[in-house]
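Undergrad: Compute the structure for the input listed below.
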Amino acid sequence: MADDLDRLLDEVERRLCRGHRHGDGEEEAVAAAKEGRSTKLLMNAGSSEEDIDDIIDEICNDSSFVKTPLKLKSSSASVTPESSSAVVQAGRKRCCPVYLGGSSSPHGIGTNISKRTCDQLRCTACDFRVSLFNDYIWDQSCDYLFFRNNMPELSKLRAKMIKKKGARAYACQCSWRSIDELTDLQTQQQLRWVCGRHGE
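TA: Numbering: from 1, shown residues only. As a prediction, this is how the structure comes out:
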């Protein structure tokens, strides 16, 4: 989808720039004819009355922008659903949206379709990597100074960790959470955590 958007924007820019140049209208018509596009739009693209939406609609309806399905290349004769999803996930670098979850929630690259908890979280406030501990929650007495002084030393953090099956304790140097079920990070407005990229 990003490639389609880039191609669309490039085409809009190309058509607008051609319309502003003087003396190469004939060249534009030949190029447009070669590409199978309408010359009318190229000639009118420079006029101030032309509506950008009309240009975009014209480009979207252009036969050269017909969507073709992407084909995954595989060394084997058949691609299993598991291996094809691995190929798709390998191309992505960041979770969107970012999910937190308990220890029973699978982790990896989270998407709207594949709801996985992010295990590459980073805090934009303290610039610390977020640590996560399966089957633990934080004691209610935890405070900012405790994490500021003890992160990321597990031996010191254990003093305020309580064992709880199915939960996951998250913490950076300035924030902490105990999570039991799959949660969209956007619902936790006070947390300044982001996905710090996968596969690097």
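
Undergrad: which strand is the longest one in the protein?
TA: In the chain, with assignment by DSSP state E, the single longest strand is strand 161-171.

Undergrad: Give me the helices and strands touching that strand, please.
TA: Applying 3 or more C-beta pairs under 8 Å, 6 or more residues apart in numbering; DSSP states H and E, we find strand 161-171 packed against strand 131-138, strand 176-179. Just so you know, the C-beta spots here come from the backbone N, C-alpha and C atoms, and that holds for glycine as well.

Undergrad: what's the closest of the ones you listed to residue 97?
TA: strand 176-179 (14.8 Å; C-beta to C-beta).

Undergrad: The closest one - contacts with which helices or strands?
TA: strand 131-138, strand 161-171.

Undergrad: between the longest one and strand 131-138, how big is the angle?
TA: What that stands for is strand 161-171. Relative orientation of strand 161-171 versus strand 131-138 (axes from the mean of the first three to the mean of the last three C-alpha atoms, to 10 degrees): 140 degrees.

Undergrad: Now do strand 161-171, average pLDDT.
TA: Throughout strand 161-171, pLDDT has a mean value of 96.

Undergrad: ok so, going back, parallel or antiparallel, list what pairs with the longest strand of the chain.
TA: Strand 161-171 sits in its sheet next to strand 131-138 (antiparallel), strand 176-179 (antiparallel), going by DSSP bridges.
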